[in-house]
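In: Next comes the sequence, and after it the predicted model I'd like to discuss.
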Amino acid sequence: MAKVLIIYHSQSGNTGKMAQAVYDGALSADATVSLKKAADANADDLLGCDAVIMGTPNYFGYEAGMIKDFFDRNFFAMKGKVDGKPYATFGSHGNGGVKAIESLNKLCDNLGLKKAVESVAALREPSSEVLNECRGLGSKMSLL
Ligand SMILES: Cc1cc2nc3c(=O)[nH]c(=O)nc-3n(C[C@H](O)[C@H](O)[C@H](O)COP(=O)(O)O)c2cc1C
């Protein structure tokens, strides 16, 4: 049974709704799933999972500060220990588009993680179609 970790940040709840749908999708694929806000996640969470899915809103064209903080706090404890581990990303944005997801993808790549599934993005509040995509993302990452 795959161990899937979901790490996200959300202030007004849009990325949080996506995270919940990713969680539901992973559970439906029989994974053991852990859903954590970035502020509460640490290196051991990432070291202990088979696949990680990270979600961020677009704040000023970048991932949320709390997501960056997760990488900053845990970098030395994770570097070299997660090479090739599959990751995927999702997030909500305003009119600025998917820059935050692209920035988050770069952080994941820099750490040595390997992108396994296409990202899912929502314009502000996720539609039911986007939430379906999020469920699909969760289930695909559980069945790698
Ligand atoms: C501090 C802040 C900065 C933001 N900057 C951008 C931005 O540069 N580009 C953009 O497209 N949306 C921006 N937004 C809009 C958010 O990405 C959007 O409202 C998103 O749905 C918030 O997700 P959340 O509910 O998960 O926090 C910003 C929102 C906040 C609160």
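Out: Sure, I can see it. Small disclaimer: the values here were computed from a predicted structure and weren't measured.

In: contacts, neighbours, all on C-alpha from now
Out: Will do.

In: any chance you could map the strands in the chain?
Out: Applying DSSP state E to the chain gives strands spanning 3-8, 32-37, 51-55, 86-93, 114-115, 120-123.

In: need those in CSV with distance to M78, can you?
Out: Compiled in CSV, those are given as follows (distance: least, CA to CA, whole Å):
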stretch, distance to M78
strand 3-8, 15
strand 32-37, 17
strand 51-55, 13
strand 86-93, 14
strand 114-115, 14
strand 120-123, 25
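
In: I'd like these written out as CSV, with distance to G80, mean pLDDT and mean neighbour count added.
Out: Output for the strands of the chain, formatted as CSV (distance: least, CA to CA, whole Å; pLDDT from 0 to 100; neighbours: other CA atoms under 10 Å):
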stretch, distance to G80, mean pLDDT, mean neighbour count
strand 3-8, 19, 98, 26
strand 32-37, 22, 98, 18
strand 51-55, 16, 98, 27
strand 86-93, 14, 98, 26
strand 114-115, 13, 98, 18
strand 120-123, 27, 98, 20
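
In: do you know which of those strands lies nearest the ligand?
Out: For the ligand, the closest of the strands of the chain is strand 86-93, at 3.5 Å, according to CA to the nearest ligand atom.

In: ok now do D109, which residues does it touch?
Out: By CA atoms under 8 Å, 6 or more residues apart in numbering, the contact list for D109 reads K115.

In: Check the gap between it and K79 for me.
Out: Distance of D109 to K79, given as CA to CA, to the nearest Å: 11 Å.

In: how long is stretch 91-110 end to end?
Out: For stretch 91-110, the end-to-end distance is 19 Å (CA to CA).

In: Give me the buried positions along it.
Out: For stretch 91-110, the neighbour count (16 or more other CA atoms under 10 Å) marks 91-93, 97-105, 107-108 as buried.
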